[in-house]
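1. Need coordinates for the below:
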Amino acid sequence: MQLDLESLSEATSGAIGSLVSTTVLYPLDTCKTKYQAEVQARNQRKYRRISDVLWEAVSKRQVLSLYQGLGTKNVQSFISSFIYFYGYSYFKKLYLKQTGNKSIGTTANLIAATMSGVCTILITQPLDTASSRMQTSEFGKSKGLWQTLSEGTWSEAYDGLAISVLLTTNPSIQYTAFDQLKNRLLKGKVSKKTDAKSSPESLSAFNAFLLGAVSKCAATCLTYPAIRCKVTIQAADSYDNKSTEAEKKAQKTISGALYTIWKREGLLGFYNGLQAQILKTVLSSALLLMVKEKITKSTWILMLMIGRYFSAYPPKLKAP
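-> Below you'll find the model as predicted:
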């Protein structure tokens, strides 16, 4: 069996980077999600700003509740990042092999990123829904993963699937912009490596952080209304106690979420919490890509060792 070492290296380093960024920034993510989930007119809002969520946790002596759902989120981010980066690397290599080109253009890059994103969403959506419900539940009263999922139907575990698929454009824009900027930055480096198994070029920690922040900021600004709708859909049951069951059911659709935000907050409501989203996602993405770039060579060496091991000791199949 021929192992795709480069794709495995990309997937492993990306998943580790995602795990680190998710854990470090999780309290900020919880504050952001609870703030976004509240769809009310400004004078009726419980949280006027994102810091109000933090002060509530402090005043109730529930600071550790800012980490509610962290385990589920870590599992979801690790799996989704591994699948995404593996698929992204695989589809890019497949394109280059089929076309014979030496580099991939922006359009093909976007398509590869979108295909990877759709595959990821279909597998990890229940974990994403569960983590959102845990984060938006009352401080100190969050339920476990199995209890959160078992309370509803299997279809409810996929609440927001359609808009999540739509939001695959977010990482598509982000990683395409990052790759294009990275290629331009590394273009001046003339590599003398001719070995096909030489480790890939990587950015410095500062450059990776900077490019990650710029690319994620652009993607977030373009897709934020859809992000707000997604949180509204996933948190309809666990957070909104002022709506009737019929209103909550309608709110679980894209059109219902759009109508609810428009009715209660107006046009600007679609961008309510944008600053918090940018702060969290830009820091998270920049940290992820910085860690990923710094450990790329290490994971490449690890995958190379694994590949050589399987080449030297291929698995023996027992005869039937």
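2. Where does the residue nearest the centre of the chain sit, in terms of helix or strand?
-> What sits nearest the mean C-alpha location of the chain, by Cα atoms, centre = their mean, is S77, with 6.4 Å. Take DSSP states H and E as the rule and S77 turns out to sit in helix 70-99.
3. what's that helix packed up against?
-> For helix 70-99, the elements it packs on are helix 5-24, helix 26-37, helix 106-136, judged by 3 or more Cβ pairs under 8 Å, 6 or more residues apart in numbering; DSSP states H and E. To be clear about C-beta, it is placed using only N, CA and C from the backbone, and glycine gets the same treatment.
4. Would you mark the buried spots in it?
-> 70, 72-93, 95 (16 or more other Cβ atoms under 10 Å).
5. where in the stretch 201-320 of the chain is pLDDT low?
-> Low-confidence segments of the stretch 201-320 of the chain (pLDDT under 70): 201-202, 236-251, 306-307, 309-320.
6. Could you pull out the helices in it for me?
-> Using DSSP state H, counting those that start in this stretch, the helices of the stretch 201-320 of the chain run over 205-234, 245-251, 254-265, 274-312.
7. could those go into JSON lines alongside distance to D179 and mean neighbour count?
-> Listed next are the helices of the stretch 201-320 of the chain as JSON lines, based on distance: least, Cβ to Cβ, whole Å; neighbours: other Cβ atoms under 10 Å:
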{"stretch": "helix 205-234", "distance to D179": "9", "mean neighbour count": "21"}
{"stretch": "helix 245-251", "distance to D179": "37", "mean neighbour count": "14"}
{"stretch": "helix 254-265", "distance to D179": "30", "mean neighbour count": "17"}
{"stretch": "helix 274-312", "distance to D179": "11", "mean neighbour count": "19"}
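8. picking that back up, got the angle for the helix holding S77 vs helix 106-136?
-> Angle, helix 70-99 to helix 106-136, by axes from the mean of the first three to the mean of the last three Cα atoms, to 10 degrees: 170 degrees.
9. so how far is helix 70-99 from its chain's centroid?
-> 11 Å (Cα atoms, centre = their mean, to the nearest Å).
10. Repeat that for stretch 145-155.
-> With Cα atoms, centre = their mean, you get 22 Å for stretch 145-155.
11. coming back round to it: deepest-packed of the helices and strands packed on helix 70-99, please.
-> helix 26-37 (a mean of 24; mean count of other Cβ atoms under 10 Å).
12. average pLDDT across that one?
-> For helix 26-37, mean pLDDT rounds to 87.
13. Render the CA-only coordinates of that helix in CSV, please.
-> Output of helix 26-37 as CSV, limited to C-alpha atoms (Å, rounded to 0.1, in the frame of the first residue of the first chain):
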residue,chain,number,x,y,z
TYR,A,26,-11.9,28.2,24.3
PRO,A,27,-13.1,30.6,27.0
LEU,A,28,-13.2,33.4,24.3
ASP,A,29,-15.1,31.0,22.0
THR,A,30,-17.7,30.3,24.7
CYS,A,31,-18.3,34.0,25.3
LYS,A,32,-18.6,34.7,21.6
THR,A,33,-21.0,31.9,21.0
LYS,A,34,-23.3,32.8,23.9
TYR,A,35,-23.3,36.4,22.8
GLN,A,36,-24.1,35.5,19.2
ALA,A,37,-26.9,33.1,20.2
